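Asker: Below are the sequence and a predicted model for it; my questions follow.
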Amino acid sequence: MTLPALIGLDDAAALWVRAIRVAEFGRVITLDLRSEVGEHRLILRDCREHRWRAYGHEAEADESRVVSFAPGRDAHRSPLQLLTEHTALWVIYGTLAID
């Protein structure tokens, strides 16, 4: 499933990550997203492991376009994987919510 479809948008809709926030000592990760129709929030709870890579060769930006997304499976079965123009994120999570 594509990230736009998960949010309820057309599969071809462009999305940008505006912020990645980590709370509760890494157990909650929130992605603030923007599309052409508005703002969205992806909330991952009960995270057990996460990794990210920031691509230092890229210039600073206020937001980063989503390039690839795989939702993984909740209940810690397989990791969510997100690739943007400036970073990559990999998370094993318990639940995923869209706000």
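Answerer: Yes, it's here.
Asker: what are the ranges of the helices in the chain?
Answerer: If DSSP state H is used as the criterion, the helices of the chain fall at 3-7.
Asker: I figured residue 40 was touching residue 99, is that so?
Answerer: Yes - Residue 40 is in contact with residue 99 according to CB atoms under 8 Å; the separation is 7.3 Å. In short, each C-beta sits where N, CA and C put it, glycine included.
Asker: so how many other residues sit close to the nearest residue to residue 94 once chain neighbours are set aside?
Answerer: Spatial nearest neighbour of residue 94, chain neighbours left out: residue 46 (2.7 Å); criterion: CB to CB, 6 or more residues apart in numbering. Applying the criterion other CB atoms under 10 Å, we find 14 residues in the vicinity of residue 46.
Asker: what sits up against stretch 23-42?
Answerer: Taking CB atoms under 8 Å, 6 or more residues apart in numbering as the criterion, the residues outside stretch 23-42 that touch it are 3-4, 7, 9, 13-22, 43-47, 50, 63, 66, 82, 89, 91, 93, 96-99.
Asker: rerun that using 6 Å as the cut-off
Answerer: For stretch 23-42, the surrounding residues in contact (CB atoms under 6 Å, 6 or more residues apart in numbering) are 7, 9, 13, 15-22, 43-45, 47, 91, 99.
Asker: before we move on, back to that, would you mind stating the distance between the residue nearest to residue 94 and residue 22?
Answerer: With distances defined as CB to CB, to the nearest Å, the gap from residue 46 to residue 22 amounts to 14 Å.
Asker: re the thing from before, quick one, which of residue 40 and residue 99 is more surrounded?
Answerer: Set side by side, residue 40 and residue 99 show more neighbours around residue 40, with 20 against 10, by other CB under 10 Å.
Asker: Which residues does that one form beta bridges with?
Answerer: With DSSP bridges applied, the residues forming beta bridges to residue 40 are residue 33.
Asker: got it, and the one 10 residues further on?
Answerer: In this entry, residue 50 is beta-bridged to residue 91, by DSSP bridges.
Asker: Give me the distance between residue 39 and residue 80.
Answerer: Distance of residue 39 to residue 80, given as CB to CB: 20 Å.
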